[in-house]
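Novice: just need the structure, nothing else, for what follows:
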Amino acid sequence: MFKIIKPLTFVEKINLMMKRFEDIDLKIEKLVFLLNAEEGNPGIYELTYELAYYDLMIEDKYKIARILLTEILLEELVILEKYKDFELKDKIATIDKNEIEKVLNNPFNWYPCNEILSISLTDKGNEYLDKEMPKYEDRINRRLGGK
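Specialist: Take a look at the predicted model:
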């Protein structure tokens with residue numbers, strides 16, 4: 001008769017979305033996002049700008065940004081912080097891992113207005129970059145140098 005289907009977990013949803021973007025090297029884009037955090041991310045909205053390298057529809061840029069941002073947050077390579085303004089001097093809060101899905105699912109949080117969400121590299125993120133960058137240096141340089 002009818003089969004009861006259990007809802008997908010958050011990670012299962014992310015994995016399903018990732019299949020759609022198989023032509024994009026998500027490992028390289030993950031490193032690009034971490035480099036963005038290392039340089040001083042002015043807000044998570046800029047992560048979608050990093051994806052301007054690809055000829056994608058805007059909604060796909062947001063999907064990829066959300067996938068990668070979720071991954072690096074859950075792996076504790078970055079932390080997500082809320083600030084009062086663009087100067088990122090007056091921190092309101094650090095977003096708890098349990099709130100990531102809720103926060104990233106709110107479109108208001110992606111726009112550079114009012115309160116700003118920004119990522120900062122953790123010690124674990126610095127170690128990850130130190131380990132992975134030498135392996136991908138040529139590809140990262142080509143990627144950051146343009147098409």
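
Novice: what's the burial count for Leu69?
Specialist: 23 (other C-beta atoms under 10 Å). Using the backbone N, CA and C atoms, a C-beta is placed for each residue, glycine as well.

Novice: just checking, it touches Leu34?
Specialist: No - counting by C-beta atoms under 8 Å, Leu69 does not reach Leu34; the two are 10.7 Å apart.

Novice: okay, the spatially most central residue of the chain and Val32: tell me how far apart.
Specialist: The chain has Leu69 as the residue nearest its centroid, 2.1 Å off, counting by C-alpha atoms, centre = their mean. Remark: distance between Leu69 and Val32 (C-beta to C-beta, to the nearest Å) = 12 Å.

Novice: and Leu26, by the same measure?
Specialist: 10 Å.

Novice: who has more neighbours, those two?
Specialist: Counted by other C-beta under 10 Å, Leu26 and Val32 do not tie: Val32 has more neighbours, with 18 against 15.

Novice: wait, Val32 sits on Arg143?
Specialist: Yes - between Val32 and Arg143 there is a contact at 6.5 Å, judged by C-beta under 8 Å.

Novice: what's the helix or strand for the residue lying closest to Leu51 once chain neighbours are set aside?
Specialist: Of all residues not flanking Leu51 in the chain, Lys61 sits nearest, at 4.3 Å (C-beta to C-beta, 6 or more residues apart in numbering). Assessed by DSSP states H and E, Lys61 sits inside helix 58-74.
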